[in-house]
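Participant: Give me coordinates for this.
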Amino acid sequence: MAMSMLLRRMDRDAITVHGFRSTFRDWAGESTSFPREVVEHAMAHQLADKAEAAMER
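Facilitator: Residues are numbered from 1 along each chain as shown. All right, here's what the predicted structure looks like:
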């Protein structure tokens, strides 16, 4: 939401937040050693299903 608000204040309606998220996901997967779950949490994504979410607790 912070990125969306920043783009709105900059009057950059043609730029989407999804592009930033996609770029971050690619960078994190290719250039860091963080597990997939950590990267997904950093992007505020929900885990794939209830079983996976239960295992994370």
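Participant: excluding its backbone neighbours, what's nearest residue 43?
Facilitator: Setting aside the residues directly before and after it, residue 43 is nearest to residue 21 in space (C-beta to C-beta, 6 or more residues apart in numbering), at 5.6 Å. C-beta here means a position set from N, CA and C on the backbone, and glycine is covered the same way.
Participant: and the helix or strand where that neighbour lies, what does it pack onto?
Facilitator: Using DSSP states H and E, residue 21 maps to helix 17-31. Counting by 3 or more C-beta pairs under 8 Å, 6 or more residues apart in numbering; DSSP states H and E, the packing neighbours recorded for helix 17-31 are helix 2-9, helix 36-42.
Participant: which SS state does the residue of the chain most remote from its centre fall under?
Facilitator: For the chain, the residue at maximal distance from the C-alpha centroid (C-alpha atoms, centre = their mean) is residue 11, at 22.3 Å. Judged by DSSP: H, G, I helix; E, B strand; the rest coil, the three-state class of residue 11 is coil.
Participant: ok, the one residue sitting closest to the centre of the chain to residue 29 distance?
Facilitator: Ranked by distance to the mean C-alpha position of the chain (C-alpha atoms, centre = their mean), the top residue is residue 43 at 2.4 Å. Residue 43 is 11 Å from residue 29, where distance means C-beta to C-beta, to the nearest Å.
Participant: how much space between residue 39 and residue 9?
Facilitator: Residue 39 is 27 Å from residue 9, where distance means C-beta to C-beta.
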